[in-house]
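**Student:** with the sequence up front, the predicted model follows.
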2 protein chains.
Amino acid sequence: MARPKAFDTSAALLQAMELFWEQGYAATSVDQLVAAMGISRQSLYDTYGDKHALFLAALDAYCAMLEDAMLAPLKQPGAGLQALHDTAVGVVDFLIRYPKRRACLMANTTLELAPHDAAVAAKVRRHLANMEAAFRLVLDHARARGEIAAGADPDALARYLVGMIHGVMVLAKSGADRDTLLGIVATAAGMLQPAIPVSVPAVQT
Amino acid sequence: MARPKAFDTSAALLQAMELFWEQGYAATSVDQLVAAMGISRQSLYDTYGDKHALFLAALDAYCAMLEDAMLAPLKQPGAGLQALHDTAVGVVDFLIRYPKRRACLMANTTLELAPHDAAVAAKVRRHLANMEAAFRLVLDHARARGEIAAGADPDALARYLVGMIHGVMVLAKSGADRDTLLGIVATAAGMLQPAIPVSVPAVQT
DNA sequence: CTCATTCTTGACTGATCGTTCCGGAATTGG
DNA sequence: CCAATTCCGGAACGATCAGTCAAGAATGAG
């Protein structure tokens, strides 16, 4: 054998992910990536291929992160409407964490590259299907438990929630504040509980 | 005086708008713009300034187009829930018209440039406020007419609809089909009429 | 006609882009 | 030690970018 890699390839990939997340694909140069990842230009090409392959790897890393932080709690057997609500509030807080709004790498990528890049589009569709499945699962639990109407359609509601969350992301990137985003989430959540007119937990000033 | 401009500056601007719409700002080169607008390189710089100024003008042209085609019907005195529904269906059909999904120029711009470009961000915010105001107006009418609950909050519902429509745009760009988008719209519309469980007009196959 | 203005074509600048190649230092297993 | 492999800095590639400049043809007002 010979000299092993001296840097953490997955840690460097996370740095690349952050940069793509903040700036987008086209606006991020290899020079910036090299600086942010803390490796040499040569190592980048040796390890990840080229810029496009690195971006695809960064997308995978991002999806894995979302899977653990956002979707996994929804897939637990005990998850119900409360877990869904916690996730929504968590997403809002996640979106407004940085003053320079980054929204979601997958959503950004959808608008920037999906129509022109088949490999990216495939990853985007897989991610959306995964998110929709997680929502459907928790909605099934909620319905079995009587938290939502027995006549509700988990398939339609899951797709509706996927749409809703992406709308919130766009508005977050436009600069909307936490109360505005939480208000939208609360209004959307009213869809799931037709009995209660509009449950607004944290919007009043 | 002397020789007047030989091309229609607003028609050429629309061609630039189409190109920015389809490709985004960074991915569109001045060479492509010159070819699509049918004018010379020199005329472009003489007439519009530079690429960034041309883009801002294209954004204005797009907002004006949306104002006429989408928001104006909502602002008419007779507009109510039916007008809102027609607008939503019109937006969906608008989004899926081209196989290469272009979504909405303002939404695309929000994700690509808003956090890094103050002039663009200002236009985006003004556009969002305008859209929200149009929704609020029609919701006021609908409430006065008894089409939605008297206890409903038009402010919150208007913001909710703005979020919803942007979510639909993102999903449209990811490749979602017409039935999926109409299903989301129908589910979201159910929020406005709590009496009717879920009104699905055109989703059945 | 005269002159000011706009038109088109084409070449050019300086910068940046992604990518490749080189040379030498460092670090591992055999 | 030796051979293999990875590291780094830096130079260089061809391509593309936004923007500028120059020169000649066209057009319209006075």
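**Tutor:** Okay, I see it. All figures in this text were calculated on a predicted structure; none of them were measured in a lab.

**Student:** quick one: the residue lying closest to A:Ala27 once chain neighbours are set aside and B:Lys123, what's the gap?
**Tutor:** Leaving aside its sequence neighbours, A:Ala27 sits nearest to B:Ala26 (Cβ to Cβ, 6 or more residues apart in numbering or on different chains; 5.9 Å). To be clear about C-beta, it is placed using only N, CA and C from the backbone, and glycine gets the same treatment. Separation of B:Ala26 from B:Lys123 (Cβ to Cβ, to the nearest Å): 17 Å.

**Student:** and these two? which has more neighbours close in?
**Tutor:** B:Lys123 (20 against 13; other Cβ atoms under 10 Å in any protein chain shown).

**Student:** pretty sure that one is touching B:Asp60, no?
**Tutor:** Yes: the pair formed by B:Lys123 and B:Asp60 meets the contact definition of Cβ atoms under 8 Å, at 7.4 Å.

**Student:** secondary structure class for the closest residue to A:Gly90 other than its chain neighbours?
**Tutor:** Spatial nearest neighbour of A:Gly90, excluding adjacent residues (Cβ to Cβ, 6+ apart): A:Met70 at 7.1 Å. The three-state label for A:Met70, taken from DSSP: H, G, I helix; E, B strand; the rest coil, comes out as helix.

**Student:** A:Ala26 too?
**Tutor:** A:Ala26 ends up coil, using three-state DSSP.

**Student:** identify the residues contacting it.
**Tutor:** A:Glu112, B:Gly24, B:Ala26, B:Ala27 (Cβ atoms under 8 Å, 6 or more residues apart in numbering or on different chains).

**Student:** give me the number of residues near the last one?
**Tutor:** When you say that, I think you mean B:Ala27. Count around B:Ala27 with other Cβ under 10 Å applied: 17.

**Student:** ok, it to B:Leu19 distance?
**Tutor:** B:Ala27 sits 10 Å away from B:Leu19, going by Cβ to Cβ.

**Student:** go on, the third one?
**Tutor:** Distance, B:Ala26 to B:Leu19, by Cβ to Cβ: 12 Å.

**Student:** quick check, pLDDT for A:Arg3.
**Tutor:** A:Arg3 carries a pLDDT value of 57.

**Student:** hmm, I typed the wrong one, I wanted A:Gln193.
**Tutor:** Looking at A:Gln193, its pLDDT reads 69.

**Student:** show me what the helix or strand A:Gln32 falls within is packed against.
**Tutor:** Assigned by DSSP states H and E, A:Gln32 belongs to helix A:30-37. Using 3 or more Cβ pairs under 8 Å, 6 or more residues apart in numbering or on different chains; DSSP states H and E, the elements in contact with helix A:30-37 are helix A:9-23, helix A:41-48, helix A:51-66.

**Student:** quickly check: the shortest one near DNA strand C or not.
**Tutor:** Yes: Helix A:41-48 comes into contact with DNA strand C when judged by Cβ under 7 Å from any atom of the strand, the residues involved being A:Arg41, A:Gln42, A:Tyr45.

**Student:** could you list every residue that touches the nearest residue to the first one once chain neighbours are set aside?
**Tutor:** Closest residue to A:Arg41 apart from its sequence neighbours, by Cβ to Cβ, 6+ apart: A:Val34 at 5.2 Å. Residues in contact with A:Val34, defined by Cβ under 8 Å, 6+ apart, are A:Ser40, A:Arg41, A:Leu44.

**Student:** find the nearest non-adjacent residue to A:Val185, please.
**Tutor:** Closest residue in space to A:Val185, ignoring its immediate chain neighbours: A:Ala88 at 4.7 Å, by Cβ to Cβ, 6+ apart.

**Student:** so that neighbour sits right up against A:Leu192, yeah?
**Tutor:** No: the pair A:Ala88 and A:Leu192 does not pass the contact test of Cβ under 8 Å, sitting 10.7 Å apart.

**Student:** okay, now the domains of chain A?
**Tutor:** Per the record, chain A has its domains at A:9-58, A:71-192, by automatic domain parsing.

**Student:** what's the most buried one of those domains?
**Tutor:** Comparing the domains of chain A on average neighbours per residue, with mean count of other Cβ atoms under 10 Å in any protein chain shown, the densest one is domain A:71-192 at a mean of 19.

**Student:** tell me how far the ends of that domain are from each other?
**Tutor:** 19 Å (Cα to Cα, to the nearest Å).

**Student:** briefly note if that domain comes near DNA strand D.
**Tutor:** No: judged by Cβ under 7 Å from any atom of the strand, domain A:71-192 and DNA strand D are separated, with a smallest distance of 13.4 Å.

**Student:** distance between that domain and the chain's centre?
**Tutor:** Its chain's average C-alpha position is 8 Å from that of domain A:71-192, according to Cα atoms, centre = their mean, to the nearest Å.
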